[in-house]
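> fold the stuff below for me.
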Amino acid sequence: MAKKLFIKTHGCQMNEYDSNRMQDLLGISHGFETTDNEEEADLILLNTCSIREKAQEKVFHQLGRWKKLKDKNPNLKIGVGGCVASQEGDNIMKRAPQVDIVFGPQTIHRVPKLYENVAENKLESVDITFPKTEKFDHLPEQSSDGPTAFVSIMEGCNKYCSFCVVPHTRGNEISRPLDDILKEIEGLAEKGVKEVNLLGQNVNSYRDSKLKTKGLGLSNLIRSSSVIEGIERIQFTTSHPFEFGQDLIDIYQEVPQLISYVHLPVQSGSNDILKKMRRRHSRDEYFEIIDKLKSARSGISISSDFIVGFPGETEKDFLDTLDLVDYVGYDESFSFIYSPRPNTTAKDLEDDVPLEEKKVRLQELQHKLENSALSISRKMVGETRKCLVTNISKKNPGEFQARADNNKVVIFSCSDPSMIGEIIDIEIVEARNKSLRGVAI
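Down below sits the predicted model:
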């Protein structure tokens, strides 16, 4: 009987990608089959994220629940990976002795060997090193069970924003060779994938040469990906305004496969706070990028990330953020209350915005962002949009889910499951808070 693998993933799309690749690795190397029932698992892996407050506590609470499973089944093996693992190392095992394996984001390819070590009672079961792109050299061909797929093109970040743990948990920026990425995309296209999402912590710093022109490496990759037979849509995430150069803006005019959407985190609308955050751009420079993008691609949707209540944020600073939201007109965004993170320079700043004030500001910002997104959705009613049918609706098995050409979720009725993976025309008939309702043409 095949061994069972259960993986729980916290955090970003990079972690989702890593979890999927570990699933492929362990299936090939040890014959593991995945399960949604942790109680029947022979190996449980927790892929962690440390970007938000209390991330470590969330991990140890989960490990405490799994300890009961291990008490029932002593042969069960438990592994912890991701950014909390990178940050805490073997301290995880000291605090939670039920854990057998600890690995970082750059060593997921070594998980099969770490598992073997534990199974054979060897000592080497912790590996949180940063072996550059070795991980990608050892990953098997990516499996795919749908029309969309993530493709990791680079890892790490060199920006060292004062609030961010990523450079410490995922290391410095390292780009994969262009040919390797294109080969992976070609393989996915042969399996029926029609849309690829190019992933990286700071994806527009991707380099395929020694040229340092901002965004040139990513624009070259997008251009090369667009000519691969079968690839009909391309998107990328996450971007940094500092390296969103003209080359990358121009690609929106040149490549129609690039969807009309960009995620461009700004974090704050205040120049004073942006400086404290070490973001390397001003609000005016951000506005300039937005204006150029809207000029290059009419109707492009913009999303962003925001941090509320950063140390020193005054009421005026917060109002500057609200003003920026009004100017840009965001389609979708993520906003969070500031919390100090380990190994960041911001943790040494006085966290002087009261928690209650942070909550009030967050609520006001989220209300404005939701209204902005709903306004964009309402303007789409009556339009016919090209939509990629991605799956059956999660809420209603009798309906299907699609993504419009600006990445909006569209729900529509259909009785033909063969529509999944097709790009079809859908007339938008209703705008909802988190999605659109449409009718297939």
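> which parts of the stretch 251-400 of the chain are helices?
Applying DSSP state H, counting those that start in this stretch to the stretch 251-400 of the chain gives helices spanning 271-277, 283-296, 315-328, 355-380.
> of those, flag the one that's most buried.
Most buried of the helices of the stretch 251-400 of the chain by mean neighbour count (mean count of other Cβ atoms under 10 Å) is helix 271-277; its value is a mean of 19. Just so you know, the C-beta spots here come from the backbone N, C-alpha and C atoms, and that holds for glycine as well.
> hmm, who's touching it?
Here helix 271-277 makes contact (Cβ atoms under 8 Å, 6 or more residues apart in numbering) with 161-163, 267-268, 281-283, 307, 310-313, 317, 320, 346, 349.
> one more: stretch 319-329?
Here stretch 319-329 makes contact (Cβ under 8 Å, 6+ apart) with 266, 268-271, 283, 286-287, 290, 302, 304, 306, 308, 364-365, 368-369, 372, 375-376.
> residue 260: which of the helices of the stretch 251-400 of the chain is closest?
Proximity to residue 260, assessed across the helices of the stretch 251-400 of the chain by Cβ to Cβ, is greatest for helix 283-296 (9.7 Å).
> from the contacts of helix 271-277, which land in strands?
Residues of the contacts of helix 271-277 located in strands (DSSP state E): residue 307.
> mind giving me the ChimeraX command for buried ones among the contacts of helix 271-277?
Of those, the buried ones can be selected in ChimeraX as follows, counting by 16 or more other Cβ atoms under 10 Å:
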select :161,162,163,267,268,281,283,307,310,311,313,317,320,346,349
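> let me have the helices of the stretch 251-400 of the chain in JSON lines, extended by mean pLDDT and distance to residue 172.
Formatted as JSON lines, the helices of the stretch 251-400 of the chain follow (pLDDT from 0 to 100; distance: least, Cβ to Cβ, whole Å):
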{"stretch": "helix 271-277", "mean pLDDT": "98", "distance to residue 172": "20"}
{"stretch": "helix 283-296", "mean pLDDT": "98", "distance to residue 172": "24"}
{"stretch": "helix 315-328", "mean pLDDT": "98", "distance to residue 172": "30"}
{"stretch": "helix 355-380", "mean pLDDT": "97", "distance to residue 172": "32"}
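> tell me which of those approaches residue 231 most closely.
Comparison of the helices of the stretch 251-400 of the chain against residue 231 by Cβ to Cβ identifies helix 283-296 as nearest, at 20.8 Å.
> angle of that closest one against helix 315-328?
Relative orientation of helix 283-296 and helix 315-328, computed by axes from the mean of the first three to the mean of the last three Cα atoms, to 10 degrees: 10 degrees.
> name the helices or strands packed onto helix 283-296?
When contacts are defined as 3 or more Cβ pairs under 8 Å, 6 or more residues apart in numbering; DSSP states H and E, helix 283-296 sits against helix 246-254, helix 315-328.
> a markdown table for those, including distance to residue 276?
Converted to a markdown table, those look like this (distance: least, Cβ to Cβ, whole Å):
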| stretch | distance to residue 276 |
| --- | --- |
| helix 246-254 | 27 |
| helix 315-328 | 10 |
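> which stretch among those helices comes nearest residue 187?
Closest approach to residue 187 among the helices and strands packed on helix 283-296 is made by helix 246-254 (23.4 Å; Cβ to Cβ).
> what about the closest one, distance to the chain center?
Computed by Cα atoms, centre = their mean, to the nearest Å, the chain-centroid distance of helix 246-254 equals 22 Å.
> contacts for that helix?
Residues outside helix 246-254 that contact it (Cβ under 8 Å, 6+ apart): 204, 213-216, 218-219, 222-223, 258, 260, 289, 292-293, 296-297, 300.
> one more time with 10 Å
The contact list for helix 246-254 (Cβ atoms under 10 Å, 6 or more residues apart in numbering) reads 203-204, 211, 213-223, 226, 234, 236, 239, 258-260, 262, 289, 291-298, 300.
> only the buried subset of those residues, as a ChimeraX command please.
Entered in ChimeraX, the line below selects the buried ones among those, by 16+ other Cβ under 10 Å:
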select :203,204,214,215,216,217,218,219,220,221,222,223,226,234,236,239,258,259,260,262,289,292,293,296,297,300
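> nice, that's everything, thank you.
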